[in-house]
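*Asks:* sequence first, predicted model second:
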Amino acid sequence: MRAGHPWIYRSDVTAADASAGDLVEVRGARERVIAHALYSDRSEITLRLVSTGSEPPPSSFLRDRLHAAIDYRASLGLDATAYRLVHGEADRLPALIVDRYGDHLVLQALSQGIDRRAGEIAAILGEILHPAGILARNDPRVRLLEGLEQTVEVLAGSVPERIEVREGAVRYDVDPWRGQKTGLFLDQRENREAALRYARGRLLDAFSYHGGFALALAPKCTAVLAVDISEDAVSRIRENATRNGLTNVEARAMNVFDELRELERVGARFDTIVLDPPAFAKNKAAVNKAMSGYKEINLRALKLLAPGGFLVTCSCSYNVSEGAFADIVLDAAVDAAAHVSVVEKRMQGRDHPVLLGVPETYYLKCFILRKLA
Ligand code: SAH
């Protein structure tokens, strides 16, 4: 807590006198008030601090922090109409996510305290940003840990099934009702921009979703192969390629593990490869299995990569640290008999800030590597 971490676990709470979602005083030794927090009567994270010290936060604290979060994004000069406006703990609005898709906002309330204030938050966002509509994408499973139901509902205005957004030069149609997360993987925007500096020749975009990396990098490549296991995602990649006038993008609905093996068998070669898998380690128990998954795809990718080529390799598992991920990639390079240099070490985009002292806010690792000749 002194280092700025906002969570207090159930096992550290000796007594509680509060109801679900209350703003409560947190008392330490000798009953002294040491902080104020939003209380959960269900989650293992019983308290999410909103201020420290004996003074309560000002009654305008939600509004003040929403303003600060929005002003920060405006200061970044992002070259996109879709980005994250509020990143929970890292904006001192624990358990609140707000993403912007053009004129629309998509919100996630992931604790009892934020859920209870979702209407108030939507009203403040309405005053500040005048969106055409606000959707609550309250279907993540973590809501169950708070005893909250999984629902998707409009909080204000209207929200269509397709919203056109732009990221750099690429135009997308986003489905905020059903897309993964709130519609797009916004956290990779700056890594796509960075990868564009190196992309060339034949590109393999593995775990492509709606074509994030494939479409951004296609103009600098001769041929692009995008692979995703979901048929629905693959048809989106094709639609997006067409709408962006890209004729060099092929999309395949395949399991990446199988496709990499098959590409190796037929002697395929790529000059640029992107690996952006889902979080293989969703919890601590899954870490070992996740490690072998990361190792396998990185090993196969390094074999498929032509000498002088670039590998953009990512992990969004919070439970696999940057150091552990670097070790896995090194293991893969050793097994592939490849000498690899680190061109860039990157993380989630700046609209998904990392709070020093809160390791949970640093989840996305992205290394851009070069295979030496
Ligand atoms: N690179 C994307 C985001 C990837 S999210 C972007 O920039 O937007 C991870 C994707 O991996 C999801 O679309 C999911 O459908 C896909 N996926 C999960 N397991 C897979 C597997 N074994 N093979 C292929 N795709 C898989």
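*Replies:* Sure, I can see it.
*Asks:* residue contacts, whatever residue of the stretch 151-300 of the chain ends up closest to the ligand?
*Replies:* Residue of the stretch 151-300 of the chain nearest the ligand, by Cβ to the nearest ligand atom: Gly212 (2.4 Å). Placement of C-beta: from N, CA and C, glycine included. By Cβ atoms under 8 Å, 6 or more residues apart in numbering, the contact list for Gly212 reads 184-185, 188, 192, 205, 276.
*Asks:* all helices for the chain, in order.
*Replies:* 61-75, 112-116, 118-129, 142-145, 189-195, 212-217, 231-243, 256-265, 287-304, 322-335 (DSSP state H).
*Asks:* winner for burial among those helices?
*Replies:* helix 212-217 (a mean of 27; mean count of other Cβ atoms under 10 Å).
*Asks:* distance from it to the middle of the chain?
*Replies:* 17 Å (Cα atoms, centre = their mean, to the nearest Å).
*Asks:* could you export that helix as CSV, CA atoms only?
*Replies:* In CSV, the C-alpha atoms belonging to helix 212-217 read as follows (Å, rounded to 0.1, in the frame of the first residue of the first chain):
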residue,chain,number,x,y,z
GLY,A,212,-4.2,-5.8,-36.8
PHE,A,213,-0.6,-6.4,-37.8
ALA,A,214,-1.3,-7.9,-41.2
LEU,A,215,-3.2,-4.8,-42.5
ALA,A,216,-0.8,-2.3,-40.9
LEU,A,217,2.3,-3.9,-42.4
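*Asks:* thinking again about what came up before, how about the helices of the chain in CSV, adding mean pLDDT?
*Replies:* Supplementary listing: the helices of the chain in CSV, determined by pLDDT from 0 to 100:
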stretch, mean pLDDT
helix 61-75, 98
helix 112-116, 98
helix 118-129, 98
helix 142-145, 97
helix 189-195, 98
helix 212-217, 98
helix 231-243, 97
helix 256-265, 98
helix 287-304, 95
helix 322-335, 97
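*Asks:* next one: Tyr9 from the ligand, what distance?
*Replies:* Between Tyr9 and the ligand the distance is 30 Å, computed by Cβ to the nearest ligand atom, to the nearest Å.
*Asks:* now Ser43
*Replies:* Distance, Ser43 to the ligand, by Cβ to the nearest ligand atom: 26 Å.
*Asks:* residues near that residue, how many?
*Replies:* 23 (other Cβ atoms under 10 Å).
*Asks:* pretty sure Ile368 contacts Glu193?
*Replies:* No - in terms of Cβ atoms under 8 Å, Ile368 does not count as a neighbour of Glu193; the distance is 11.5 Å.
*Asks:* need the residues of the stretch 51-200 of the chain near the ligand, please.
*Replies:* Residues of the stretch 51-200 of the chain lying close to the ligand (Cβ under 6 Å from any ligand atom) are 185, 188.
*Asks:* where in the stretch 51-200 of the chain is pLDDT low?
*Replies:* Filtered on pLDDT under 70, the stretch 51-200 of the chain yields no residues whatsoever.
*Asks:* quick revisit: ok, and the most crowded of the contacts of Gly212?
*Replies:* Highest count within these by other Cβ under 10 Å belongs to Asp205, 32 neighbours.
*Asks:* skipping its backbone neighbours, what lies nearest that residue in space?
*Replies:* Leaving aside its sequence neighbours, Asp205 sits nearest to Ala214 (Cβ to Cβ, 6 or more residues apart in numbering; 3.9 Å).
*Asks:* thought that neighbour was touching Val249?
*Replies:* Yes - with contact defined as Cβ under 8 Å, Ala214 reaches Val249; the gap is 5.7 Å.
*Asks:* list residues touching both of the two?
*Replies:* In contact with both Ala214 and Val249: 224, 226, 237, 241, using Cβ under 8 Å, 6+ apart.
*Asks:* correct me, but the last one touches Gly211?
*Replies:* Yes - Ala241 is in contact with Gly211 according to Cβ under 8 Å; the separation is 6.6 Å.
*Asks:* got any residues that touch both of these two?
*Replies:* 249, 251.
*Asks:* before we move on, the earlier item: need the shared contacts of Ala214 and Val249 in TSV (columns: distance to Ala90).
*Replies:* As requested, these are exported to TSV (distance: Cβ to Cβ, whole Å):
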residue	distance to Ala90
Val224	33
Ala226	31
Ile237	30
Ala241	34
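*Asks:* tabulate those (CSV), appending distance to the ligand.
*Replies:* Listed next are these as CSV, based on distance: Cβ to the nearest ligand atom, whole Å:
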residue, distance to the ligand
Val224, 13
Ala226, 9
Ile237, 10
Ala241, 14
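*Asks:* tell me the one of these nearest Asp22?
*Replies:* Of all the shared contacts of Ala214 and Val249, Ile237 has the smallest distance to Asp22: 45.8 Å, by Cβ to Cβ.
*Asks:* partners of the longest strand anywhere in the chain, with directions?
*Replies:* The longest strand of the chain (DSSP state E) is strand 305-315. For strand 305-315, the paired strands and their directions (DSSP bridges) are strand 270-275 (parallel), strand 365-371 (antiparallel).
*Asks:* highest mean neighbour count out of these?
*Replies:* strand 270-275 (a mean of 25).
*Asks:* relative to helix 256-265, how tilted is that one?
*Replies:* Interaxial angle, strand 270-275 versus helix 256-265 (axes from the mean of the first three to the mean of the last three Cα atoms, to 10 degrees): 170 degrees.
*Asks:* strand 270-275 and the ligand, are they touching?
*Replies:* No - against the ligand, strand 270-275 shows no contacts by Cβ under 6 Å from any ligand atom, the least distance being 6.9 Å.
*Asks:* kindly report the same for stretch 357-365.
*Replies:* No - figure legend: stretch 357-365 not in contact with the ligand (Cβ under 6 Å from any ligand atom); closest approach 10.7 Å.
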